[in-house]
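Trainee: here are the coordinates; sequence isn't available:
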């Protein structure tokens, strides 16, 4: 077997690690405001830039990483056996974690329940992106079209909640994490296109200085490879730290309802 198929691309893991660090930073300041510890505007300025950069980078890398996974699996698989079931299982697993987040936030934060957050998006996107994984330009054009539609659908509202996953919200809807397919699946497809151009055939198509053994890059890479676990545990750890540190107490929970 080609040894290159055993190798990970350190820069992809490192960028994902940077994105998860930015997400943790944003959520730390978000929690400071939500718990009434410190009054901050997390919807503008540098904090908005940090939050959006984290989300956009993470979601873009979902698409790019899918192409790497697909190329590696295709090169390892003989014949024309479909890989679709593999991606259905992977997408369903991540979507299931999203449902856990829905249950927890629905129990603790009914007013801000996460019905379709970033894990829901990633789970569904892994399945929906499968038909595009072998192409370079098709996902680019479709992704741009979805982003274009999303730009005009931003202020669209409906009288029912059944299309929240798509991007159509009822009046008064509020969620602490809302990442619908329109426009965010478009960014996933841009990542798919970039992956098939920059890493065609599971080989880097550009030159880059080798920083794989740099201690900081290795740290970012480690965080990137464990980004799902970090995403699942970072909020309980932040809130636990703030409570144990005496910055707030458990009485904050009713105030969030």
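Mentor: Thanks, I have it. For clarity, every value in this text was computed on a predicted model and none was experimentally measured. Residues are numbered from 1 along each chain as shown.

Trainee: run through who's touching stretch 229-242.
Mentor: Contacts to stretch 229-242, defined as C-beta atoms under 8 Å, 6 or more residues apart in numbering, come from residues 20, 23-24, 27-28, 31-32, 35, 37, 97, 118-119, 223, 248. Where C-beta positions appear, they are placed from N, C-alpha and C, glycine not excepted.

Trainee: kindly recompute the last result at 6 Å.
Mentor: Residues outside stretch 229-242 that contact it (C-beta atoms under 6 Å, 6 or more residues apart in numbering): 20, 24, 28, 31, 248.

Trainee: try stretch 54-71
Mentor: 16, 19, 22-23, 26, 122, 129, 133, 184, 187-188, 191-192, 194-196, 199, 202.

Trainee: just the buried ones out of those, please.
Mentor: When the contacts of stretch 54-71 are checked for burial by 16 or more other C-beta atoms under 10 Å, the buried set is 16, 19, 22-23, 26, 122, 129, 133, 184, 187-188, 191-192, 194-196, 199, 202.

Trainee: ranges for the helices of the stretch 1-150 of the chain?
Mentor: 10-34, 45-76, 84-108, 118-128, 138-153 (DSSP state H, counting those that start in this stretch).

Trainee: packed most tightly, which of these would that be?
Mentor: helix 118-128 (a mean of 22; mean count of other C-beta atoms under 10 Å).

Trainee: now do that one: which elements does it pack against?
Mentor: Applying 3 or more C-beta pairs under 6 Å, 6 or more residues apart in numbering; DSSP states H and E, one finds that helix 118-128 contacts helix 84-108, helix 181-198.

Trainee: got the angle between that helix and helix 181-198?
Mentor: 60 degrees (axes from the mean of the first three to the mean of the last three C-alpha atoms, to 10 degrees).

Trainee: centre of the chain to helix 118-128, how far?
Mentor: Here helix 118-128 is found 9 Å from its chain centre; the criterion is C-alpha atoms, centre = their mean, to the nearest Å.

Trainee: residues contacting that helix, please?
Mentor: Helix 118-128 has contacts (C-beta under 6 Å, 6+ apart) with 62, 87-88, 90-91, 94-95, 97-98, 179, 184-185, 188.
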